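Visitor: need a 3D model of the sequence below.
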Amino acid sequence: MAKKMALATALVMLFTLSCAFAEAVIERREGEEWFPSQKKWTYHFTYAYPRLTGDDYASAAVNDTYEMALDEMINLVLPMFSHEEDMLFDGKNEVRHDFAVTCNNGRFLSILQYRSQTMGPDYTNLAMEALVFDMAGEYLGETLTLRGLTMVGESSAQIEEALYPILYGEFKSLQQQGIARADVDEELFYLEFEPTRHFYADEEGNAVFFFPPMLMAAPSFDVPTFTYTPAQLEEML
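Guide: Take a look at the predicted model:
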């Protein structure tokens with residue numbers, strides 16, 4: 001009897017553990033808006049945002065994060081910009097937001113968002129923003145810092161300090177190849193690129209660092225990336 005109860009308990013624990021680390025089911029919430037109106041617009045916003053279908057706490061927290069971000073764009077940022085004369089450019093501003101899932105392993109959920117804004121006929125600004133969510137750990141539903149993802153070192157700032165000279169060396173190499181902008185010096189590089197912000201998680205839970213698109217000679221979302229395992233980062237420290 002005792003053996004049967006122990007087996008049953010083990011099975012329950014195994015089932016609970018497998019559920020806790022189940023992949024999230026993610027839908028694309030798509031749409032478009034015109035500001036100030038569809039007939040006479042100065043800003044056209046086309047978007048795709050992630051929406052998790054689960055009814056658990058972590059899924060709700062992730063959804064809240066992106067719902068608030070989308071609500072801010074639709075109800076605050078773009079309505080304001082559409083009435084500001086110095087933000088109109090040629091009067092037809094195309095804003096696009098899209099995303100990719102870089103990690104969905106049940107432990108972490110990492111979303112990489114792509115943002116573009118065409119400002120007039122001659123200029124398009126590109127940006128990438130990544131968030132890593134804790135889906136099964138101590139900080140359930142919260143976004144994780146670099147240290148929160150890798151669990152090495154004393155702080156994210158310590159990891160950043162160790163990474164900066166290495167990744168700046170990678171950037172200088174890209175400059176020599178004509179891939180990165182030649183006019184970016186070390187000071188500007190440190191202003192535009194932050195290892196504690198410009199990273200996402202891959203499926204193995206490694207930290208993947210990416211250079212902002214606008215630091216490239218030909219800006220695009222196909223940017224150079226540099227992957228470090230927690231063990232590599234720990235050795236670096």
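Visitor: any idea how far residue 175 is from the nearest residue to residue 178 once chain neighbours are set aside?
Guide: Residue nearest to residue 178 in three dimensions, not counting chain neighbours: residue 217, with 6.1 Å by CB to CB, 6 or more residues apart in numbering. C-beta coordinates here come from the backbone N, C-alpha and C atoms, glycine included. In this view, residue 217 and residue 175 are 8 Å apart by CB to CB, to the nearest Å.
Visitor: ok, residues contacting the helix ranked longest in the chain?
Guide: Counting residues, the longest helix found in the chain (DSSP state H) is helix 156-176. Residues from elsewhere that reach helix 156-176, judged by CB atoms under 8 Å, 6 or more residues apart in numbering: 145-148, 150, 152-153, 180-182, 184, 186, 189-190, 193-196, 209, 211, 215-216, 224, 226, 228, 233, 236-237.
Visitor: swap in 10 Å and give it another go.
Guide: Contact with helix 156-176 is made by 144-150, 152-153, 155, 179-186, 189-190, 193-199, 207, 209, 211, 215-217, 224, 226, 228, 233-234, 236-237, as judged by CB atoms under 10 Å, 6 or more residues apart in numbering.
Visitor: can you say which of those are buried?
Guide: 144-150, 152-153, 179-181, 184, 189, 193-196, 198-199, 207, 209, 211, 215-216, 224, 228, 233 (16 or more other CB atoms under 10 Å).
Visitor: let's see which of the residues you listed end up in helices.
Guide: Per DSSP H, the subset of the buried ones among the contacts of helix 156-176 in helices is 146, 147, 148, 149, 150, 189, 233.
Visitor: how about the fifth one: what's its closest non-neighbour residue?
Guide: Residue nearest to residue 150 in three dimensions, not counting chain neighbours: residue 230, with 4.4 Å by CB to CB, 6+ apart.
Visitor: coming back round to it: and for residue 217 and residue 175, which residues touch both?
Guide: 181, 182, 183, 184.
Visitor: farthest pair within these?
Guide: Farthest apart among the shared contacts of residue 217 and residue 175 by CB to CB are 182 and 184. That separation is 7.4 Å.
Visitor: and the strands in this structure?
Guide: With DSSP state E as the criterion, the chain has strands at 26-36, 41-52, 93-104, 108-119, 124-134, 199-201, 207-210, 225-228.
Visitor: which of those sits most buried?
Guide: With neighbours defined as mean count of other CB atoms under 10 Å, the strands of the chain peak in mean count at strand 199-201, which reaches a mean of 26.
Visitor: coming back round to it: in the longest helix of the chain, which residues are buried?
Guide: 156, 159, 160, 163, 164, 167, 171, 174, 175.
Visitor: before we move on, back to that, give the contact list for the residue nearest to residue 178.
Guide: 174, 175, 177, 178, 179, 180, 181, 182, 183, 184.
Visitor: any weak-confidence spans in the chain?
Guide: Along the chain, segments meeting pLDDT under 70 span 1-21, 84-91.
Visitor: spatially central residue in it, please.
Guide: By CA atoms, centre = their mean, the chain has its centre lying nearest to residue 130, at 1.0 Å.
Visitor: any idea what that one is bridged to?
Guide: In this entry, residue 130 is beta-bridged to residue 112, by DSSP bridges.
Visitor: just confirm it contacts residue 195, I think it does.
Guide: No - between residue 130 and residue 195 there is no contact under CB atoms under 10 Å: 11.8 Å.
Visitor: any shared contact partners between the two?
Guide: residue 209.
Visitor: quick check: the gap between residue 192 and residue 43.
Guide: Taken as CB to CB, the span from residue 192 to residue 43 is 25 Å.
Visitor: how far away is residue 166 from residue 31?
Guide: Residue 166 is 41 Å from residue 31, by CB to CB.
Visitor: and if you look at residue 172?
Guide: 42 Å.
Visitor: cool, thanks, signing off.
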